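Asker: Here is a sequence together with a model predicted from it:
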Amino acid sequence: MTAFSNARTCAVGAMLLAALSTLHAQGHFPITSTQRATAQQVAQQGVPLSELSATAPDEYTVRRGDTLWGISGMFLRRPWRWPELWGMNLDAIANPHLIYPGQVLYLDKSNGYARLRMGGAGAPGGTPTVRLSPRTRSESLASMALPTLPAHLLEPFLVQPLVVDAERLAQAPRIVATTDERVIMASADRAYVRGSTGLVPQPDSAATRSWRIFREALALKDPDTGEILGYEAQYMGQAELVEGETLVSVQDAKGNVRESQAPATIDITDAKSEIYAGDRLLPAPERSYANYVPHAAQADAKARVVSLYGDSAVKFAAQNQVVAINRGTRDGMTAGQVLQIVTQGDVIVDKTAGERERVQLPREQNGLAMVFRTFDRVSYALILEVRRPVVVGDHLVAPR
């Protein structure tokens with residue numbers, strides 16, 4: 001329990017505790033009933049020593065920049081089994097998402113099982129003593145808690161990859177020109193947009209002031225069937241709506257006056273790549289980062305890599321890169337599911353035989369990936385760890 005230097009600061013402590021309770025109540029850090037039940041079961045006796053990582057430390061001090069995935073992998077052979085890590089110290093770790101820098105994890109081993117107990121710097125066997133000056137100060141507890149995975153790896157992809165049908169993108173507003181008749185547009189440039197229906201929302205609508213810029217959609221084909229699962233719109237950048245389309249009077253060469261739709265005005269606020277006339281705009285969703293809860297996919301889960309997100313010239317994906325897979329929400333895919341990557345073996349020529357026969361080498365386990373964004377028939381997964389480069393067509397299965 002946190003100690004305070006004087007009575008006047010007790011009120012501040014109460015405010016902090018209330019904020020912590022609010023985080024639990026609002027469900028910002030979701031814990032499923034199954035995960036809680038697993039932790040409670042493990043808490044009764046601990047985790048078998050066989051489940052520990054061969055390099056599990058006897059003591060570890062949580063540092064700024066750590067992640068729950070990294071700490072789980074430090075103690076356990078299978079990092080997605082974080083409920084076991086939580087259950088090893090269920091009394092002290094009421095919520096595994098709320099672990100903070102400075103806390104110390106101690107590994108106790110006895111009778112073939114292991115448990116964790118938690119301490120803190122500056123307080124023997126307990127949490128740190130925090131002394132506050134007698135004035136009101138506030139700090140977000142949520143910003144101090146460890147994330148499941150590094151936020152900078154996933155947050156950009158929550159607004160970038162987009163699977164749409166070809167018709168939706170074809171009907172989206174399109175860039176028709178920029179100032180000074182430039183061909184290439186970049187950040188800080190002003191551009192003009194027309195909508196295929198003649199409508200672009202007015203700037204008084206806060207929900208439609210921010211837009212994302214996309215290029216033509218690329219077909220995502222199922223490696224097994226060849227069926228088109230959807231179209232991936234290429235993310236090019238972001239824009240802010242300055243003024244919507246308006247009706248103006250235009251006089252033609254004969255002096256006749258007619259009403260015409262003047263293009264909307266946008267400012268390009270961020271350009272990931274060169275932007276051209278013809279690129280399309282779609283409303284930007286709210287930017288939010290979910291603290292994912294990694295968990296093993298169902299035992300019968302099977303998927304294949306459809307594409308490697310990013311430059312179309314990229315042929316191989318490595319750790320911390322994103323891949324699209326041919327399973328979506330209708331196949332039971334949900335954010336947080338961990339899948340094992342299985343690489344197809346190469347076809348070699350057996351030079352030891354007289355006939356120089358072609359031989360298919362067996363598949364090999366190659367690493368882990370976690371689903372973080374789902375669409376109807378396609379999902380995006382982050383490669384968490386990998387030994388060999390991942391290519392289109394690689395298989396994904398439930399981890400063992």
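Answerer: That came through fine. Residues are numbered from 1 along each chain as shown.
Asker: Now for G354, how many residues are close by?
Answerer: 7 (other Cβ atoms under 10 Å). The C-beta positions use only the backbone N, C-alpha and C, and glycine is treated the same way.
Asker: Can you name the helix or strand that it falls in?
Answerer: Using DSSP states H and E, no element contains G354; it sits outside every helix and strand.
Asker: Need phi/psi at it.
Answerer: The phi and psi values for G354, taken as degrees, to the nearest 10, are phi -60, psi -30.
Asker: How about A353?
Answerer: Backbone torsions for A353, taken as degrees, to the nearest 10, come to phi -110, psi 150.
Asker: which residues does it contact?
Answerer: Contact criterion Cβ atoms under 8 Å, 6 or more residues apart in numbering gives no residues in contact with A353.
Asker: Just the pLDDT at it, thanks.
Answerer: pLDDT recorded at A353 is 76.
Asker: V359 versus that one, what's the distance?
Answerer: Between A353 and V359 the computed distance is 9 Å (Cβ to Cβ, to the nearest Å).
Asker: got it, and A172?
Answerer: Between A172 and V359 the computed distance is 49 Å (Cβ to Cβ).
Asker: residues in contact with V183?
Answerer: Y276, A277.
Asker: Please apply the same query to I184.
Answerer: Going by Cβ under 8 Å, 6+ apart, the list of residues near I184 reads E274, I275, Y276.
Asker: Pick out whichever of A172 and V359 has more residues nearby.
Answerer: A172 (21 against 11).
Asker: pLDDT weak spots in the protein?
Answerer: The chain contains residues with pLDDT under 70 at 1-45, 82-98, 119-145, 156, 159, 161, 196-207, 285-291, 311-312.
Asker: Work out which residue lies at the spatial centre of it.
Answerer: The centroid of the chain falls nearest to L154 when counting by Cα atoms, centre = their mean (3.4 Å).
Asker: My guess is that residue contacts A381. True?
Answerer: No - assessed by Cβ atoms under 8 Å, L154 is found out of contact with A381, at 10.7 Å.
Asker: Quick check: neighbours shared by these two?
Answerer: The contact sets of L154 and A381 overlap at F372 (Cβ under 8 Å, 6+ apart).
Asker: rewinding a little: can I have the buried ones of the contacts of I184 as a ChimeraX selection?
Answerer: Command for ChimeraX that selects the buried part of those, burial taken from 16 or more other Cβ atoms under 10 Å:
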select :275
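Asker: of the contacts of I184, closest to M333?
Answerer: When these are compared for distance to M333 (Cβ to Cβ), I275 wins out at 32.1 Å.
Asker: Go ahead and confirm that closest one touches A188.
Answerer: No - I275 is beyond contact range of A188, at 11.7 Å (criterion: Cβ under 8 Å).
Asker: and for those two, which residues touch both?
Answerer: Contact criterion Cβ under 8 Å, 6+ apart; residues shared by I275 and A188: I268.
Asker: Give me the domain ranges for this protein.
Answerer: Domain ranges of the chain: 7-148, 159-283, 295-397, per automatic domain parsing.
Asker: among the ones you listed, which is the most enclosed?
Answerer: Highest mean neighbour count of the domains of the chain: domain 295-397, a mean of 17 (counted as mean count of other Cβ atoms under 10 Å).
Asker: How far does it sit from its chain's centre?
Answerer: Here domain 295-397 is found 17 Å from its chain centre; the criterion is Cα atoms, centre = their mean, to the nearest Å.
Asker: and the end-to-end length of it?
Answerer: Distance between the boundary residues of domain 295-397 (Cα to Cα, to the nearest Å) amounts to 13 Å.
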